[in-house]
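K.L.:
Got a sequence here, can you build the structure:
(one chain, ligands or ions: 1)
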Amino acid sequence: VTTAERLAALLPGRFHTDPAVIARHSHDRSGLPPDGPAAGVVLARGVADVQTTLRVARELSTPVVVRGAGTGLSGGATAIAGGIVLDLHEMNRIVEISAADELAVVEPGVITADLDRAAAAYGLRHAPDPASVEISTVGGNIATNAGGLRCAKYGVTRESVLGLDVVLTDGELISTGRRTVKGVTGYDLTGLFVGSEGTLGVIVAATLRLRPIPRATATLTAFFGSFAEAAEAVAALRAAGVQPAMAELVDGPTLGAIDALQGSDLRSRGEAFLLVQTDGAGAEAEAAIAAPLLKERATSISVTDDPEVARELIATRRLALPALERLGRVLIEDIAVPRSRLAEAAAEITRISAAFDVPIYTLAHAGDGNLHPVLVTDPGPGEIPARVWQAADELFSTALRLGGTLTGEHGVGVLKRAWLGGELGPRNHRLQRDLKALFDPAGILNPGKAI
Ligand SMILES: Cc1cc2nc3c(=O)[nH]c(=O)nc-3n(C[C@H](O)[C@H](O)[C@H](O)COP(=O)(O)OP(=O)(O)OC[C@H]3O[C@@H](n4cnc5c(N)ncnc54)[C@H](O)[C@@H]3O)c2cc1C
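P.N.:
Model prediction:
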């Protein structure tokens, strides 16, 4: 009996082998092809469906690719030949919001922005806000430890996860963590599952820390003559003790792509665009410190305390990736460097672009030192040209040389696995593989990915 036959019998109406359904669930947004056709897709409706899938897969040694919304950028959710795609997007209930304890309990398929909106009814918010907030799931965010615009002040997804319910590969359900803001009993398994990219267990529920919606925000936008000057301006804010909730940086060529998408004229205004938001009771005071520091280096600056205008500006920033995806085939990189070395990293990106003759568009979560150099190549099928991979390779070694990392938030997936050992070192890498074997002795969860 095959895995597909067993699952068809055990999960009627939830297990699908229609090639069109399989095709729809086989890609993420990395542009990487699936490793081959999957045997079927489970559209799970509850924990029991997840447990059944894992028990059968483990017994028959069938690979399982867990999937939220498939917006990942590293190939983590691409299908594996002959494997099962375990899709959780229908497990999308917000189980509880506790205003008193400032927390939410959710199923993994909840769309991130939906949680944020639901929390708003209680005067609270879910702080992690990847640019994909309207299309990605909370489970996917946890499994990739997603960052976002507000992470500059509120930290990445990890900082909002208090506890998890996880189905292990033998089908057993465990709970990690707690509902308290503090707690140090035992090893931090919650932290281990956060960012584990579907390789250790399936997250079926999460207890998340919510935060009060800030009383006020002030949003500053500035255009600069160069990316480096904008990066220096961000460093100046830090040096002055300003703690922006977000500091998003977009280079001139990316502004051009956004203009083409939305019909604006941002490109004509500078070589770099910086969006800074301060928040909380001191928002205005912090903005008053920030404005002159930006003015010193910028060609133009404006400040608003109107939340609607701020929302529009942020929406424009979120258009950056979709705008670049229209230009050709994109390889979206995700290096992070110590914040003090942001300008240096930007200069290196310009050098690498010229050396390998690859157009590179750059946006950055500048408050975190996290840069997204986006390498654009001709559209169409076929392999990504060798010089593009060489440029990517050079980007990774540059990040490491500057004391940084291969991936700030998108994860290793398939895309960066070849470079992983270089950052971890052999002993650390071996230890990580030992951990994987402990949680997944049959090696069924996302084999060949992430570690
Ligand atoms: C336009 C755009 C903007 C983006 N902006 C950002 C950004 O600002 N910051 C950022 O960090 N990322 C960003 N991303 C990348 C992506 O949205 C994130 O990685 C997101 O967290 C993926 O969520 P998902 O639900 O789509 O997960 P998927 O792509 O479905 O899965 C991602 C990984 O998580 C695993 N996984 C998913 N759900 C579970 C689960 N319940 N249990 C165990 N493993 C699971 C999968 O196996 C896979 O390895 C962006 C993507 C796009 C397309």
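
K.L.:
can you pull out the strands in the stretch 301-450 of the chain?
P.N.:
329-332, 360-365, 370-377 (DSSP state E, counting those that start in this stretch).

K.L.:
Now render those as JSON lines, adding distance to the ligand, mean pLDDT and mean neighbour count.
P.N.:
Every residue, glycine included, has its C-beta placed from N, CA and C. Formatted as JSON lines, the strands of the stretch 301-450 of the chain follow (distance: least, CB to the nearest ligand atom, whole Å; pLDDT from 0 to 100; neighbours: other CB atoms under 10 Å):
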{"stretch": "strand 329-332", "distance to the ligand": "8", "mean pLDDT": "92", "mean neighbour count": "20"}
{"stretch": "strand 360-365", "distance to the ligand": "7", "mean pLDDT": "96", "mean neighbour count": "25"}
{"stretch": "strand 370-377", "distance to the ligand": "8", "mean pLDDT": "96", "mean neighbour count": "24"}
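
K.L.:
closest to Thr112 out of these?
P.N.:
Smallest distance to Thr112 across these (CB to CB): 16.1 Å, for strand 360-365.

K.L.:
Residues touching that closest one, excluding its own?
P.N.:
Applying CB atoms under 8 Å, 6 or more residues apart in numbering, the external contacts of strand 360-365 come out as 147-149, 151-152, 227, 231, 246-251, 253-254, 257, 317, 320-321, 324, 327, 342, 346, 349-350, 352-353, 370-376, 391, 408-409.

K.L.:
Near the ligand, which residues of the stretch 1-150 of the chain are found?
P.N.:
Taking CB under 6 Å from any ligand atom as the contact definition, the stretch 1-150 of the chain meets the ligand at 28-29, 65-73, 76-77, 88, 108, 130-132, 136-137, 139-141, 143-144, 146-148.

K.L.:
re earlier: TSV for the strands of the stretch 301-450 of the chain, including distance to Pro292?
P.N.:
Shown next, in TSV, are the strands of the stretch 301-450 of the chain (distance: least, CB to CB, whole Å):
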stretch	distance to Pro292
strand 329-332	35
strand 360-365	23
strand 370-377	26
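
K.L.:
For Glu286, find the nearest of those strands.
P.N.:
Of all the strands of the stretch 301-450 of the chain, strand 360-365 sits nearest to Glu286, with 18.4 Å by CB to CB.

K.L.:
and the closest one, C-alpha only, in CSV?
P.N.:
Extracted C-alpha coordinates of strand 360-365, given in CSV (Å, rounded to 0.1, in the frame of the first residue of the first chain):
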residue,chain,number,x,y,z
ILE,A,360,21.1,44.4,-8.2
TYR,A,361,18.3,46.4,-6.6
THR,A,362,18.6,46.9,-2.8
LEU,A,363,16.1,47.4,-0.1
ALA,A,364,16.9,47.2,3.6
HIS,A,365,15.3,46.9,7.0
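
K.L.:
Partner strands of that strand, with direction?
P.N.:
Strand 360-365 pairs in its sheet with strand 246-251 (antiparallel), strand 370-377 (antiparallel), by DSSP bridges.

K.L.:
got the contact list for the shortest one?
P.N.:
This points to strand 246-251. With CB under 8 Å, 6+ apart as the criterion, strand 246-251 contacts 149-150, 152-153, 227, 230-231, 234, 237, 258, 271-277, 314, 317, 320, 361-367.

K.L.:
okay, it in PDB with CA atoms only?
P.N.:
The C-alpha coordinates for strand 246-251 follow below in PDB (Å, rounded to 0.1, in the frame of the first residue of the first chain):
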ATOM      1  CA  MET A 246      10.900  51.100  11.600                       C
ATOM      2  CA  ALA A 247      13.700  52.300   9.400                       C
ATOM      3  CA  GLU A 248      13.100  51.100   5.900                       C
ATOM      4  CA  LEU A 249      15.500  52.000   3.100                       C
ATOM      5  CA  VAL A 250      14.900  51.600  -0.700                       C
ATOM      6  CA  ASP A 251      17.400  52.400  -3.400                       C
END
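
K.L.:
pLDDT weak spots in the stretch 51-200 of the chain?
P.N.:
The stretch 51-200 of the chain contains no residues with pLDDT under 70.

K.L.:
Okay, helices next: where are they in it?
P.N.:
Assigned by DSSP state H, counting those that start in this stretch, the helices in the stretch 51-200 of the chain fall at 112-120, 138-144, 151-154, 189-193.

K.L.:
Buried deepest among the ones you listed, which one?
P.N.:
Most buried of these, by mean neighbour count (mean count of other CB atoms under 10 Å): helix 138-144, with a mean of 31.

K.L.:
For the stretch 351-451 of the chain, what lies in contact range of the ligand?
P.N.:
In this structure, the stretch 351-451 of the chain approaches the ligand at residues 409-410, 446, judged by CB under 6 Å from any ligand atom.

K.L.:
Cross these against helices and list the overlap.
P.N.:
The subset of these located in helices under the criterion DSSP state H is empty.

K.L.:
For those, give me a markdown table that also has pLDDT and distance to Gly13.
P.N.:
As requested, these are arranged in a markdown table below (pLDDT from 0 to 100; distance: CB to CB, whole Å):
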| residue | pLDDT | distance to Gly13 |
| --- | --- | --- |
| Glu409 | 97 | 36 |
| His410 | 97 | 34 |
| Asn446 | 98 | 26 |
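
K.L.:
Taking the stretch 351-451 of the chain, what residue is nearest to the ligand?
P.N.:
Glu409 (3.4 Å; CB to the nearest ligand atom).

K.L.:
same question, the stretch 151-300 of the chain
P.N.:
Going by CB to the nearest ligand atom, the ligand is nearest to Gly198 of the stretch 151-300 of the chain, at 2.5 Å.

K.L.:
is it true that that residue touches Ser74?
P.N.:
No: with contact defined as CB atoms under 8 Å, Gly198 does not count as touching Ser74 (11.2 Å).

K.L.:
Would you check that Val161 makes contact with Ser196?
P.N.:
No: at 11.9 Å, Val161 and Ser196 do not qualify as touching, with contact defined as CB under 8 Å.

K.L.:
Quick one: residues contacting Arg401.
P.N.:
Arg401 makes no contacts at all, as judged by CB under 8 Å, 6+ apart.

K.L.:
related to what we said a few turns ago, next, format the helices of the stretch 51-200 of the chain as TSV and append distance to Leu294.
P.N.:
Shown next, in TSV, are those (distance: least, CB to CB, whole Å):
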stretch	distance to Leu294
helix 112-120	28
helix 138-144	31
helix 151-154	15
helix 189-193	36
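
K.L.:
What is the burial count for the closest residue to Leu73 other than its chain neighbours?
P.N.:
With sequence-adjacent residues excluded and distances taken as CB to CB, 6 or more residues apart in numbering, Leu73 is closest to His410, at 4.4 Å. Neighbour count for His410, taken as other CB atoms under 10 Å: 26.

K.L.:
With Gly195 as the reference, measure out to His410.
P.N.:
11 Å (CB to CB, to the nearest Å).
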